[in-house]
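**Q** fold the stuff below for me.
(one chain, ligands or ions: 2)
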Amino acid sequence: MKILLPIDGSEYSKKAALVALRIAKKHSAHIVLLHVIASSGQERKKWMEEGAEKLLQVYKESMINDGLDEGSLTTIIEGGDPADQIIETAEIKGVERIIMGTHGKTGLKKLAGSVTEKVLRNSKVLVLGVPPNYEI
Ligand code: ATP
Ligand code: MN
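**A** Ligands and ions are numbered 1, 2, ... in the order given. Now for the predicted structure:
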């Protein structure tokens with residue numbers, strides 16, 4: 001089984017990562033870790049790339065520390081609209097499930113963040129939204 005785990009660095013995506021890790025270990029699944037550099041037209045700057053790489057590295061290391069096999073993890077950086085890239089990556093990589101936070105950097109103002117909402121609306125792949133109060 002392959003799981004797509006889109007992360008934005010928020011505490012909510014951290015929680016989603018813990019859920020994905022638990023499921024991956026239990027089912028010997030492969031995790032595709034994705035960060036999208038949200039860009040509306042403008043070019044991807046070097047500092048954005050470096051920030052994205054650092055973010056993915058932090059998640060990767062902590063998952064390996066928590067017992068995930070290094071070979072069971074792929075990291076991907078994309079640019080563009082986060083929801084569109086999440087959906088496209090899920091299809092290209094042939095994942096069975098997307099695990100993501102219901103919220104992100106903006107916090108709890110809405111019922112769900114706009115990225116989650118758009119993925120739910122358009123994805124053909126199952127989405128597991130991790131609620132903010134889930135205790136893991
Ligand atoms: P909004 O962005 O609409 O102001 P928000 O930041 O609270 O609201 P979302 O952006 O929808 O909420 O974030 C929900 C989840 O979507 C995150 O927990 C994360 O899993 C995923 N996500 C959000 N942005 C990105 C991104 N740039 N790259 C990868 N995953 C992302
Ligand atoms: Mn957001």
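**Q** any regions of this structure where pLDDT drops low?
**A** Along the chain, the model assigns pLDDT under 70 to no residue.
**Q** apply 90 and report the result again.
**A** Confidence mapping of the chain against pLDDT under 90 gives the ranges 39-46, 109, 111, 136.
**Q** against A17, how distant is the residue in it that ligand 1 sits nearest to?
**A** Taking C-beta to the nearest ligand atom, ligand 1 has its nearest neighbour within the chain at G113, 1.8 Å off. C-beta: built from backbone N, CA, C; applies to glycine. Distance, G113 to A17, using C-beta to C-beta, to the nearest Å: 16 Å.
**Q** quick one: contacts for the residue of the chain closest to ligand 1?
**A** When contacts are counted by C-beta atoms under 8 Å, 6 or more residues apart in numbering, G113 touches G101, T102, H103, G104, T106.
**Q** same thing but at 6 Å, please
**A** Residues in contact with G113 (C-beta atoms under 6 Å, 6 or more residues apart in numbering) are H103, G104.
**Q** what of H103?
**A** Y12, G113, P132.
**Q** now those residues in JSON lines, with distance to E49?
**A** Converted to JSON lines, these look like this (distance: C-beta to C-beta, whole Å):
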{"residue": "Y12", "distance to E49": "24"}
{"residue": "G113", "distance to E49": "24"}
{"residue": "P132", "distance to E49": "29"}
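**Q** and these near ligand 2, which?
**A** Residues shared between the contacts of H103 and the neighbourhood of ligand 2: none [C-beta under 5 Å from the ion].
**Q** get me the contact residues on this structure for ligand 1.
**A** Taking C-beta under 6 Å from any ligand atom as the contact definition, the chain meets ligand 1 at 6-8, 10, 12-13, 16, 34-36, 38, 82, 100-101, 103-107, 113-116.
**Q** I'd assumed I3 was in contact with I31.
**A** Yes. Between I31 and I3 there is a contact under C-beta atoms under 6 Å: 5.3 Å.
**Q** anything in contact with each of those two?
**A** A20.
**Q** residues contacting I64?
**A** E70.
**Q** perfect, that will be all.
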